[in-house]
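*Asks:* Got a predicted structure plus its sequence, pasted below:
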Amino acid sequence: MNLHDYQSRAHTTSITPPGYAILYPALGLAGEAGEVANKVKKLIRDGALDKDAVAQEMGDVLWYLAELATDLGLDLDRIAEDNLARLADRKARGAIHGSGDER
């Protein structure tokens, strides 16, 4: 499956309340990313990581990301391609370390 297919199929399960496009998936994305971090945090506390639980939360992150992209009229395949190109450019220029969007 490619990201475009996932995005299309994910949208068929959308439960975004009317009037909350963009906002609902953006907040859901933040919440689910926090759940991923919380699962990983348990590695510090418990010394063990439940990879299946992390994978499930990552799936939720992917769903909300796909919905946000759909609401914005963006394609996940294009987002992924652009991101890899930007990272490759940064690496080629020795600017992959550091911070800031305009490296």
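*Replies:* Nice, I can see it.
*Asks:* Please count neighbours and contacts with C-alpha atoms only from this point.
*Replies:* OK.
*Asks:* what comes into contact with stretch 35-51?
*Replies:* 53-54, 57-58 (CA atoms under 8 Å, 6 or more residues apart in numbering).
*Asks:* In it, which residues are buried?
*Replies:* 35-36, 39-40 (16 or more other CA atoms under 10 Å).
*Asks:* Can you give the distance of stretch 68-78 from its chain's centre?
*Replies:* 12 Å (CA atoms, centre = their mean, to the nearest Å).
*Asks:* An error on my part: the question was meant for stretch 16-26.
*Replies:* 16 Å.
*Asks:* next one: stretch 41-60
*Replies:* For stretch 41-60, the separation from the chain centroid amounts to 16 Å (computed by CA atoms, centre = their mean).
*Asks:* got it, and stretch 60-75?
*Replies:* Chain-centre distance of stretch 60-75: 8 Å, with CA atoms, centre = their mean.
*Asks:* Can you point out the buried residues in that stretch?
*Replies:* 60-71, 75.
*Asks:* ok, back up a step: and which of the contacts of stretch 35-51 is nearest H97?
*Replies:* Set against H97, the nearest of the contacts of stretch 35-51 by CA to CA is M58 (24.9 Å).
*Asks:* any idea which element that closest one lies in?
*Replies:* helix 51-71 (DSSP states H and E).
*Asks:* now for whatever helix or strand comes next after that helix, which elements pack on it?
*Replies:* Remark: after helix 51-71, the chain's next helix or strand is helix 76-92, criterion DSSP H and E. Helices and strands touching helix 76-92, by 3 or more CA pairs under 8 Å, 6 or more residues apart in numbering; DSSP states H and E, are helix 3-11.
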